[in-house]
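>>> the sequence and its predicted three-dimensional model are supplied below.
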Amino acid sequence: MKNIVILISGRGSNMEAIVRACQSEGWPGRIAAVISNRPDAAGLGFAASHGIATAVVDHKGYPDRESFDAALAQAIDGFSPDLVVLAGFMRILTAGFVKHYERRMLNIHPSLLPCFPGLHTHEQALAVGVKVHGATVHFVTAELDHGPIVLQAAIEVRQSDTPDTLAARLLTQEHVIYPRAVRWFVEGRLSLDQGVVRVSPDVSQLVIGADAAEVA
């Protein structure tokens, strides 16, 4: 039974999706804790209501990233994690922290990486006129929004889309692929082959959103 620790900064809708999938699908793993860098994060209440331990490591109480990351790692390691999941965790992590959880920390980014790393991904996508947009679950490395890709989802970009409508439609796909990728990890189905993630047995690592099949 693998222990999963989820980090959030706000509501944590992807955290909610992972918790629900873990509990309803009977994974060989458990959500050991949900930890936030913000004491007012709404997701803490959801986790507590589902019988999950919660903790807060407030970044405002530390003078620099290194000291915050050290305190955060201490809190995480108190739950003996096999996997750390970033679910809307809005802090840039130090290289030392990332190294500590190498190959056992996942993130989701709202673009088809390597396109559009960083913030404002939906605005970036609309600005250059891409016809397909998406989300990516990847292993975390020291380089921001990079790392071996586990699973992606793609949706069609509509001419009427705004950043808000695009984000809303994509979020439903994030709630599909993030639990799936976490489940693959806890089931021991993921491996790295020269920096490329393989899933055993071989399955598609791309999810096409339902709206992608719609033709205006």
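Looks like it came in fine. Just so we're clear, the structure is a prediction, and the values are computed from it rather than from any experiment.

>>> just the local confidence number for the closest residue to Val132 other than its chain neighbours, please.
Closest residue in space to Val132, ignoring its immediate chain neighbours: Ala154 at 5.2 Å, by Cβ to Cβ, 6 or more residues apart in numbering. In this view, the C-beta of every residue, glycine as well, is placed from N, C-alpha and C. At Ala154, the model reports a pLDDT of 98.

>>> where's Ala154, which helix or strand?
strand 149-156 (DSSP states H and E).

>>> follow-up on the earlier one: for the residue nearest to Val132, give me its contacts.
Leu112, Val132, His133, Gly134, Leu206, Val207, Ile208, Gly209, Ala212 (Cβ atoms under 8 Å, 6 or more residues apart in numbering).

>>> next, count neighbours for the third one.
So the one you mean is His133. 28 (other Cβ atoms under 10 Å).

>>> offset the numbering so it begins at 55, please.
Sure thing, new numbering starts at 55, so read that last one as His187.

>>> what residues sit buried inside the longest helix seen in the chain?
When the chain is scanned for its longest helix (criterion: DSSP state H), the result is helix 217-240. Judged by neighbour count (16 or more other Cβ atoms under 10 Å), helix 217-240 contains these buried residues: 220-221, 223-224, 227-240.

>>> could you do stretch 173-189 as well?
Thr175, His176, Gln178, Ala179, Leu180, His187, Gly188, Ala189.

>>> isn't the second one up against Ala222?
No - under the criterion of Cβ atoms under 8 Å, His176 makes no contact with Ala222, lying 9.7 Å away.

>>> picking up where we left off before, quick one, the strand holding Ala208 and helix 217-240 angle?
Interaxial angle of strand 203-210 relative to helix 217-240 (axes from the mean of the first three to the mean of the last three Cα atoms, to 10 degrees): 150 degrees.

>>> returning to what we had before: mind checking which of the buried residues of stretch 173-189 are in helices?
Counting by DSSP H, the part of the buried residues of stretch 173-189 found in helices is Thr175, His176, Gln178, Ala179, Leu180.

>>> what distance do you get for the fourth one to Ala221?
Spelled out, it's Ala179. To Ala221, Ala179 is 10 Å away according to Cβ to Cβ, to the nearest Å.

>>> for the third one, same thing?
Gln178 sits 12 Å away from Ala221 when distances are taken as Cβ to Cβ.

>>> what does the first one give?
For Thr175, the distance to Ala221 (Cβ to Cβ) stands at 9 Å.

>>> quick one: end-to-end distance for stretch 244-261.
End-to-end distance for stretch 244-261: 17 Å, by Cα to Cα, to the nearest Å.

>>> pull out the buried positions in that stretch.
Buried-residue list, stretch 244-261, by 16+ other Cβ under 10 Å: Leu244, Val251, Val253, Gln259, Val261.
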